[in-house]
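Visitor: Need a 3D model of the following:
(one chain, ligands or ions: 1)
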Amino acid sequence: MDFLAGCIGGAAGVLVGHPFDTVKVRLQVQNVDKPLYRGTYHCFQSIVRQESMFGLYKGIGSPMMGLTFVNAIVFGVQGNTMRYLGHDTPMNQFLAGAAAGAIQCVVCCPMELAKTRMQMQGTGEKKSKRKLYKNSLDCLAHIYKREGLLGVNRGMVTTLIRETPCFGVYFLTYDILTRSIGCEPGDRYMIPKLLFAGGMSGVTCWLSTYPVDVIKSRLQADGVGGVYQYSSIADCVRQSVKREGLIVFTRGLTSTLLRAFPVNAVTFATVTLVLMYARGVEGPKDSEPATPVTAHHTQLQQQAQASSL
Ligand SMILES: NC(=[NH2+])NCCC[C@H](N)C(=O)O
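Guide: Reported below is the predicted structural model:
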């Protein structure tokens with residue numbers, strides 16, 4: 001059930017947040033010597049003006065297919081790891097989230113490679129008239145044909161470095177917030193509280209490893225137009241800091257945070273509600289530790305039973 005709930009939550013999140021992600025990638029990867037965009041709003045405006053609203057949704061195929069599946073893995077692995085760990089402690093919340101974050105990289109890395117390439121296609125001075133890739137799957141097929149499995153997993157190391165701690169923070173933050181603001185069963189403000197806790201979990205986790213995300217985007221966009229700038233992660237960091245200073249690690253951060261709150265508010269609230277109502281019958285067995293999402297529906301179930309007596 002965790003997997004299905006993660007699927008539904010993931011799809012809801014992608015629809016809400018993809019335009020913000022496109023702006024983030026464009027700002028992270030643009031050539032600082034000849035910048036196309038002055039900032040977040042100018043980037044939004046330029047994309048809509050030059051590429052219509054559809055320009056903001058370039059590359060959505062990949063995250064729509066991938067993120068939905070990724071969220072299914074994330075919430076499925078996290079829920080089952082919590083059951084395996086047996087006790088609901090903050091450390092176990094972090095560890096279960098980190099395990100989920102590491103495992104989902106298998107899908108997340110190729111998905112984000114295709115997304116990044118599609119989002120960068122047709123931009124900058126190397127704007128090629130002929131579109132190289134028809135869609136995200138065609139993009140991955142091209143890369144696989146040219147560079148094999150290694151090529152399709154370009155950016156895997158930075159993705160693992162970014163995702164493993166980040167998802168630990170993601171679930172730990174949600175656990176702490178939902179317990180401290182009290183998403184009590186029958187609480188008339190439960191939904192807004194779930195949305196707030198989910199949104200803040202997304203913001204916190206993106207902030208926790210954002211510099212790594214900048215490097216990952218640059219490595220995955222490297223080679224668009226055939227010119228490779230970076231020979232390694234260290235080389236990418238060195239060149240980026242040398243040319244732009246430490247401020248480079250904040251490129252696209254505003255758009256990322258504007259995206260992170262609504263996307264993760266919707267994702268976590270959707271997952272929690274789907275689990276609550278879908279598990280209304282069984283609820284977590286006594287032997288199962290409550291994960292944040294299962295804790296909610298157990299409380300709600302008790303409330304519902306009490307009120308029906
Ligand atoms: N690199 C990260 N911040 N990973 C966490 C991603 C959380 C959520 N799936 C999102 O897209 O916002």
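
Visitor: and V16, what is it in contact with?
Guide: V16 is in contact with P262, V263, V266, counting by Cβ atoms under 8 Å, 6 or more residues apart in numbering. For glycine as for every other residue, the C-beta is placed from the backbone atoms N, C-alpha and C.

Visitor: Let me know the next secondary structure element after the host helix or strand of it.
Guide: Per DSSP states H and E: V16 is located in helix 2-29. The C-terminal neighbour of helix 2-29 among helices and strands, as given by DSSP H and E, is helix 40-51.

Visitor: Say whether the ligand is contacted by stretch 263-273.
Guide: Yes. Residues of stretch 263-273 are located near the ligand by Cβ under 6 Å from any ligand atom, namely V263, N264.

Visitor: returning to what we had before: considering the contacts of V16, which possesses the most neighbours?
Guide: By neighbour count, taken as other Cβ atoms under 10 Å, the most surrounded of the contacts of V16 turns out to be V263 (26 neighbours).

Visitor: distance of that residue from Y228?
Guide: V263 sits 31 Å away from Y228, taking Cβ to Cβ, to the nearest Å as the criterion.

Visitor: Equivalent analysis for L36, please.
Guide: Taken as Cβ to Cβ, the span from L36 to Y228 is 21 Å.

Visitor: more neighbours, those two?
Guide: Using other Cβ under 10 Å as the criterion, L36 and Y228 rank with L36 on top: 17 against 9.

Visitor: tell me which parts of this structure are close to the ligand?
Guide: Residues of the chain lying near the ligand (Cβ under 6 Å from any ligand atom): R162, E163, C166, F167, Y170, G202, C205, W206, D213, A260, V263, N264.

Visitor: Repeat the analysis, applying 8 Å as the threshold.
Guide: By Cβ under 8 Å from any ligand atom, the residues of the chain that approach the ligand are 10, 13, 17, 21, 63, 67, 70-71, 74, 101, 162-163, 166-167, 170, 202, 205-206, 208-210, 213, 259-260, 263-264, 267.

Visitor: Filter those residues down to the buried ones, ChimeraX style.
Guide: The ChimeraX command for the buried members of the residues of the chain next to the ligand (criterion: 16 or more other Cβ atoms under 10 Å) is given here:
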select :10,13,17,21,63,67,70,71,74,101,162,163,166,167,170,202,205,206,208,209,210,213,259,260,263,264,267
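
Visitor: Narrow the residues of the chain next to the ligand to those in helices?
Guide: Here DSSP state H is the test, and the residues of the chain next to the ligand give 10, 13, 17, 21, 63, 67, 70-71, 74, 101, 162-163, 166-167, 170, 202, 205-206, 208, 210, 213, 259-260, 263-264, 267 as lying in helices.

Visitor: Can you give me the buried ones in stretch 92-109?
Guide: Those would be 92-105, 107-109, for stretch 92-109 by 16+ other Cβ under 10 Å.

Visitor: quick one: low-confidence parts of the stretch 201-309 of the chain?
Guide: Within the stretch 201-309 of the chain, the stretches with pLDDT under 70 are 225, 281-309.

Visitor: Find the closest residue to the ligand in it.
Guide: Nearest to the ligand in the stretch 201-309 of the chain, going by Cβ to the nearest ligand atom, is W206, at a distance of 4.3 Å.

Visitor: quick one: that residue and A141, what's the gap?
Guide: Taken as Cβ to Cβ, the span from W206 to A141 is 30 Å.

Visitor: And for F261?
Guide: 35 Å.

Visitor: When these two are compared, which one has more neighbours?
Guide: F261 (21 against 15).

Visitor: surely that one meets A197?
Guide: No. Applying Cβ atoms under 8 Å, one finds F261 not in contact with A197, separated by 11.1 Å.

Visitor: Skipping adjacent residues, who's closest to the residue of the stretch 201-309 of the chain closest to the ligand in space?
Guide: A260 (4.6 Å; Cβ to Cβ, 6 or more residues apart in numbering).

Visitor: Just list the residues touching that neighbour, thanks.
Guide: With Cβ under 8 Å, 6+ apart, A260 has these contacts: G17, G199, G202, V203, C205, W206.

Visitor: List the residues that contact the residue nearest to the first one when sequence neighbours are not counted.
Guide: It refers to G17. The shortest distance from G17 to any non-neighbouring residue, by Cβ to Cβ, 6+ apart, is to V263 (3.5 Å). When contacts are counted by Cβ under 8 Å, 6+ apart, V263 touches G13, V14, V16, G17, F20, G202.

Visitor: quick one: buried residues of stretch 142-161?
Guide: Applying 16+ other Cβ under 10 Å to stretch 142-161 flags 142-143, 151-161 as buried.
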